[in-house]
Structure formats: structure tokens, C-alpha cells
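Q: what follows is a predicted protein model with its sequence.
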Amino acid sequence: MLIRRKLNALFDHIINIMAYSAAVLVIFMMLSIGIDVILRNLVGVTIRWAFEISEHSVLYITFFSAPWLLKLDRHVDIDLITSRLSPKGHASLNVVISALGAAITLFITYRSSLTLIDVWRREVHTVTVLELPMPPLIAIIAIGCSLLFIQFMRRTHGYFLERRRLLRGGDDTCKHQMKA
């Protein structure tokens, strides 16, 4: 049990660092694009890399923040449906949705890992001004989805325990934020 708690704490720490990194990237994008627009309009000079780096940053921001958002239960939720369910029904639906999310992210992790290996072997670069190597761009998809998979599994386990408690006649309130 101690090892599991330490692994959970380590995982939480990793996804927190990734979320903070996403926030730094958003600030960097805002500043670089803002400076580029100002320089272009005032002096006629453009920062050639600003737009390209911002494009790639959006990819990193997405996969850096997704596991953290899932941990906080801040992903899209259709409460029009879930608000009408009993706590037992809500917990059951969350088990199914979380397990489905885990399966999908596992598949994307697998496919993006295969693509990563392919572009790494062939030394593929972007066909852009900076000609950046493709592996770091593909790697974030594999890393982000693998962390999403782990978080979906943690969430599935939490909702499964909640469902089992409710089916055994535990108190009839449903915890809507299952963090682990």
C-alpha cells in the first residue's frame, strides 16, 4: 500500500509539472506572437520562428495538460444526462466511460509509438522554416496518451470502488470528483 501511495504521488507530481509547463508555453506563445505582431506593424520585421513554434506549442499544451485536467475531472461532461442518474447509475456510467477512455488512449499510445519509431529511424524533419525533427512532436502524443491511459485507469478504479460501495448499501451520495 505504501508503494502504491508513493507511485500515485509521483504520478501526480509528474502531471502537475506538465500542467505548469503547459501554462508556461501559453505565456511564451502569447509573448512571442504579441512581439511578432508589434515588430511587424511598427518596424516591418517579423520573427520567422514565432508562428511555427506556436503551432508546435499547441500540441504540447494539449498533451501536457490533458492528464491533469482528467485528474481534476475538468473534461467535458454531459450533465444533462448524468444529473438525471442515481448515484449508483452515475458511478456505473463513469466506470464504463473511464474504461472506454483508457482503451482509446492505450490504442493511441500504441499507434503513436509505432509512428515515433518510424520517424526516428527515418530521421524525418518538418517541412517548415525551422526544419525541426519530428520525433519530439510525435513523442509528446505517445507520452501524453500513456499518462492519460494511467489516469483513466486510476479513475476507473476509483469509480469502480465507489460503485461497489453504493451497491453494498453505502451512503447514497455520489462523489463526482474521483481523483485516484
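A: Cool, got the structure. Bear in mind that the values here come from a model prediction, so they are computed numbers and not experimental data.

Q: phi, psi of the spatially most distant residue from the centre of the chain?
A: The centre of the chain is farthest from one residue, residue 43, which by CA atoms, centre = their mean lies 39.1 Å away. When read as degrees, to the nearest 10, the backbone of residue 43 gives phi -110, psi -20.

Q: what average pLDDT does stretch 100-114 get?
A: In this model, stretch 100-114 has a mean pLDDT of 98.

Q: after the one helix or strand residue 14 maps to, next one along is what?
A: In this structure, residue 14 is located in helix 2-42 according to DSSP states H and E. Later in the chain than helix 2-42, the nearest helix or strand by DSSP H and E is helix 50-71.

Q: please report the distance of the residue farthest from the centre of the chain from residue 31.
A: With distances taken as CB to CB, to the nearest Å, residue 43 is found 17 Å from residue 31. Any C-beta I mention is one placed from the backbone N, CA and C, and that applies to glycine too.

Q: cool, and residue 130?
A: Noted for residue 130: a distance of 18 Å to residue 31, by CB to CB.

Q: kindly report the same for residue 22.
A: Applying CB to CB, the value for residue 22 to residue 31 is 15 Å.

Q: quick revisit: what's the helix holding residue 14 packed up against?
A: Under the contact definition 3 or more CB pairs under 8 Å, 6 or more residues apart in numbering; DSSP states H and E, helix 2-42 sits against helix 50-71, helix 135-167.

Q: fine, thanks again, bye for now.
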